[in-house]
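# Compute the structure for the input listed below.
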Amino acid sequence: MRGVLDYCTGGTERQVAAGTHLVTEGGASGHLYVLMQGKLEVLKGEMVVATIAEPGAVLGEMSVLLGVPHTATVRACADTVVYEFEDAASLLEQEPEIALLLARMLAQRLNVANTYLADLKRQYAGHGTHLAMVGEVLQSMINLPPLEVSPGSDRQSDPRM
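Below is the predicted model:
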């Protein structure tokens, strides 16, 4: 994603102190952020699901593209510098090159997720455990129309299944 660094103009460079929340799950800002330097962590609830330290990483794109509140919290785990675009939707309309970079990044993420789920399906096919339902998850990712997603857990089942 380093290519997105070439487009970091027209926004604001922002210093983010360690421990500061850049994005809060459930909140809405319409902002898009590009990591310039430092280290961020992505949290779903209280669980850290990713650490980001690669300059050019983009944050807030899912909320902007889907027009929904932020799907995760992003917190600086070290002093960090980000580039902030306040009106990200307009930016993406005016700069199709950035939109294409985001599309490629999201396609790469989806490819990794699909590959991982397909591997799980192969490993657990016929085991009769809850992991055997990975095939259903893959099928639902392909066939379901856009809708609000609220993944279940062992305690709360997914109402679509």
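# And whichever helix in the chain runs longest, what does it pack against?
In the chain, with assignment by DSSP state H, the single longest helix is helix 96-124. Using 3 or more Cβ pairs under 8 Å, 6 or more residues apart in numbering; DSSP states H and E as the contact test, the elements touching helix 96-124 are strand 58-59, helix 61-66, helix 88-94, helix 134-143. C-beta coordinates here come from the backbone N, C-alpha and C atoms, glycine included.
# Quickly run through the sheet partners of the first one, with directions.
Same thing as strand 58-59. Using DSSP bridges, the strands paired with strand 58-59 in its sheet are strand 32-37 (antiparallel).
# Centre of the chain to the partner strand, how far?
Offset of strand 32-37 from its chain centre (Cα atoms, centre = their mean, to the nearest Å): 13 Å.
# what's downstream of it, the next helix or strand?
Next along the chain after strand 32-37, taking DSSP states H and E as the criterion, comes strand 40-44.
# mind saving the C-alpha coords of that next one as PDB?
The C-alpha coordinates for strand 40-44 follow below in PDB (Å, rounded to 0.1, in the frame of the first residue of the first chain):
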ATOM      1  CA  LEU A  40      -1.400   0.800  15.400                       C
ATOM      2  CA  GLU A  41      -3.500  -2.000  16.600                       C
ATOM      3  CA  VAL A  42      -7.000  -2.900  15.400                       C
ATOM      4  CA  LEU A  43      -9.500  -4.200  18.000                       C
ATOM      5  CA  LYS A  44     -12.800  -5.900  17.700                       C
END
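# residues making contact with that strand?
Here strand 40-44 makes contact (Cβ atoms under 8 Å, 6 or more residues apart in numbering) with 22, 25, 48-53, 57, 59, 71-77, 80.
# redo that, cut-off 7 Å
With Cβ atoms under 7 Å, 6 or more residues apart in numbering as the test, strand 40-44 has contacts from 22, 48-52, 72-77, 80.
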